[in-house]
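Peer 1: fold the following for me, if possible:
(chains A, B, C and D)
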Number of protein chains: 2
Amino acid sequence: MVRQREFDKEKALDKAMELFWEKGYAATSISDLTAIMGIQRPSLYATFGDKEKLFEAALRKYTNLHASLIRTKLQSTTSVKEAFRNLFEELIEEEYKNKVSKGCFCINTIVELAPHDEKFEILTREHEMYLSVIFQETLLKGIKSGELESNLDVKALAQTLVVALIGITVLLKSLPERSFVDKSVNLILSLIK
Amino acid sequence: MVRQREFDKEKALDKAMELFWEKGYAATSISDLTAIMGIQRPSLYATFGDKEKLFEAALRKYTNLHASLIRTKLQSTTSVKEAFRNLFEELIEEEYKNKVSKGCFCINTIVELAPHDEKFEILTREHEMYLSVIFQETLLKGIKSGELESNLDVKALAQTLVVALIGITVLLKSLPERSFVDKSVNLILSLIK
DNA sequence: CTCATATTATACCAATCAGTATATTTTGAT
DNA sequence: ATCAAAATATACTGATTGGTATAATATGAG
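Peer 2: Reported below is the predicted structural model:
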């Protein structure tokens, strides 16, 4: 069966992801999307359904990539403390380097859509919960290796690190002084004992 | 000089604030605004300039009200620890009570507009910095009264509490389990020694 | 080669967007 | 009473929105 698609579906979805990530749902038009995806309007609708379905596909792709990225970063060092420090510091470094700080696509969606659309409320919540599970596993590894104290409340600490990550990510978008975020990261990391 | 305005400018601005707060800048139309403000379209433009100016006026009103509210809450108890606990717990209570959680208008604006508009980057950053100053003053009061340890790093702690407040406020919009936020609030508050 | 099918490109749709022109009405000062 | 100034209500603007109809093109199966 017949004529094949001339564009790469995943590459087009990547482009859509980047744009939704940067501009949000409402501020991104179909014309913006087709321009950056390099496809015609009917191709977008035939391939991805409609604007909301495309957004959902882009967000799902993002959360998968993001979870893998976080997991990889946390496994890159034997020291768990060091791993978390690197995670936060690289996040900060990235945001100050880029011209326009896109932040986290999932967090942006929590703020813009979660309160008005149950589908995105669930999707974004589950991603944050998943991150806290990754954090828990990492902390447990640190306890087993003897690096961390065995009486740590792993669950509470992991959830607090998620809250802190969200707080830092959002605050970075307003470009606060570097020392502001550095100081709070230091204090938060001091909870990992 | 002549015919007087038939509507209350401040009440109309309040209504605009509520709507922008709930739906954000892009998703709120002028028609939505005139409907809820109870005024005609030309009255809106004559009184507030244009959509962006109205948004800015609404946000400025919000940040003023919000700062006063936070200051009042923190002064309501003699115990500083208790005051911060109440602040976080009332925030959580409010968000679970309301049907649609609007979160914090300033945080919503950081996410939606700060990266694309320097005016809002500055305005929102200054509000968050101001909150951290209020927190610092409160912590200093606690040290003076003998409630808190005198060797506390007040600045770092205040900034961390701002980060935590942002993180909690955002996460609440995805309606996580109550225990998730409760656990992290407990751990964060444990930093106030 | 032929035909069914899917993709493409162009052009279009009604609805809504932010913002305004116009004309009417209200008001206080003279 | 008259007139200038400001607020009102209605109706409109051109541009843009999300989404499609149509027709041309490409492709594998028979």
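
Peer 1: in contact with A:Asp182, which residues?
Peer 2: A:Ile92 (CB atoms under 8 Å, 6 or more residues apart in numbering or on different chains). All C-beta spots, glycine's among them, are computed from the backbone N, C-alpha and C.

Peer 1: what does it show for phi and psi?
Peer 2: Dihedral pair for A:Asp182: phi -60, psi -50, per degrees, to the nearest 10.

Peer 1: look up how far DNA strand C lies from it.
Peer 2: 39 Å (CB to the nearest atom of the strand, to the nearest Å).

Peer 1: A:Phe20 now?
Peer 2: For A:Phe20, the distance to DNA strand C (CB to the nearest atom of the strand) stands at 19 Å.

Peer 1: which strands or helices does the helix or strand hosting that residue pack on?
Peer 2: Remark: A:Phe20 resides in helix A:9-23, with elements defined by DSSP states H and E. Counting contacts by 3 or more CB pairs under 8 Å, 6 or more residues apart in numbering or on different chains; DSSP states H and E, helix A:9-23 is packed against helix A:30-37, helix A:41-48, helix A:51-75, helix A:105-112.

Peer 1: who touches stretch A:137-157?
Peer 2: Applying CB under 8 Å, 6+ apart, the set of residues contacting stretch A:137-157 is A:74-75, A:78-81, A:83-84, A:132, A:135-136, A:158, A:191-193, B:183-184, B:186-187.

Peer 1: mind doing that once more with 6 Å?
Peer 2: A:74, A:80, A:136, A:158, A:193, B:183, B:187 (CB atoms under 6 Å, 6 or more residues apart in numbering or on different chains).

Peer 1: residues from chain A in reach of chain B?
Peer 2: Residues of chain A lying close to chain B (CB under 6 Å from any CB of the partner chain) are A:26-27, A:100-101, A:108, A:110-111, A:114-115, A:121, A:124-125, A:156, A:159-160, A:163-164, A:166-168, A:170-171, A:173-176, A:180, A:183-184, A:187.

Peer 1: just the buried residues from the residues you listed, in ChimeraX please.
Peer 2: A single ChimeraX command selects the buried members of the residues of chain A next to chain B (16 or more other CB atoms under 10 Å in any protein chain shown):
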select /A:26,27,101,108,110,111,114,115,121,124,125,156,159,160,163,164,166,167,168,170,171,173,174,175,176,180,183,184,187
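
Peer 1: among the residues of chain A next to chain B, which are in helices?
Peer 2: Those of the residues of chain A next to chain B mapping onto helices are A:108, A:110-111, A:121, A:124-125, A:156, A:159-160, A:163-164, A:166-168, A:170-171, A:180, A:183-184, A:187, per DSSP state H.

Peer 1: residues in contact with A:Lys15?
Peer 2: A:Lys15 touches A:36-37, counting by CB under 6 Å, 6+ apart.

Peer 1: check contacts around the most centrally placed residue in chain A.
Peer 2: With distances taken as CA atoms, centre = their mean, A:Cys104 lies nearest the centre of chain A, 4.2 Å away. With contacts defined as CB under 6 Å, 6+ apart, A:Cys104 is in contact with A:Thr169.

Peer 1: now it: how far from B:Val170?
Peer 2: 10 Å (CB to CB, to the nearest Å).

Peer 1: one step back: the helices and strands packed on helix A:9-23: which one's closest to DNA strand C?
Peer 2: Nearest to DNA strand C, of all the helices and strands packed on helix A:9-23, is helix A:41-48, at 3.5 Å by CB to the nearest atom of the strand.

Peer 1: got the angle for the helix holding A:Phe20 vs helix A:30-37?
Peer 2: The directions of helix A:9-23 and helix A:30-37 differ by 130 degrees, with axes from the mean of the first three to the mean of the last three CA atoms, to 10 degrees as the criterion.

Peer 1: could you give the angle of helix A:9-23 to helix A:51-75?
Peer 2: Counting by the same axes, to 10 degrees, helix A:9-23 lies at 90 degrees to helix A:51-75.

Peer 1: okay, buried residues for helix A:9-23 please.
Peer 2: A:12-23.

Peer 1: that helix vs DNA strand D: in contact?
Peer 2: No: against DNA strand D, helix A:9-23 shows no contacts by CB under 7 Å from any atom of the strand, the least distance being 10.4 Å.

Peer 1: output that helix as PDB, nothing but the C-alphas.
Peer 2: Extracted in PDB, the C-alpha atoms of helix A:9-23 (Å, rounded to 0.1, in the frame of the first residue of the first chain):
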ATOM      1  CA  LYS A   9       7.400  11.300  11.700                       C
ATOM      2  CA  GLU A  10       9.700  11.300  14.700                       C
ATOM      3  CA  LYS A  11      11.800  14.200  13.500                       C
ATOM      4  CA  ALA A  12       8.600  16.200  12.900                       C
ATOM      5  CA  LEU A  13       7.400  15.300  16.400                       C
ATOM      6  CA  ASP A  14      10.700  16.400  17.800                       C
ATOM      7  CA  LYS A  15      10.300  19.800  16.200                       C
ATOM      8  CA  ALA A  16       6.700  20.100  17.500                       C
ATOM      9  CA  MET A  17       8.000  19.100  21.000                       C
ATOM     10  CA  GLU A  18      10.600  21.900  20.900                       C
ATOM     11  CA  LEU A  19       8.100  24.500  19.900                       C
ATOM     12  CA  PHE A  20       5.300  23.500  22.400                       C
ATOM     13  CA  TRP A  21       8.000  23.300  25.000                       C
ATOM     14  CA  GLU A  22       9.200  26.800  24.300                       C
ATOM     15  CA  LYS A  23       5.900  28.600  23.700                       C
END
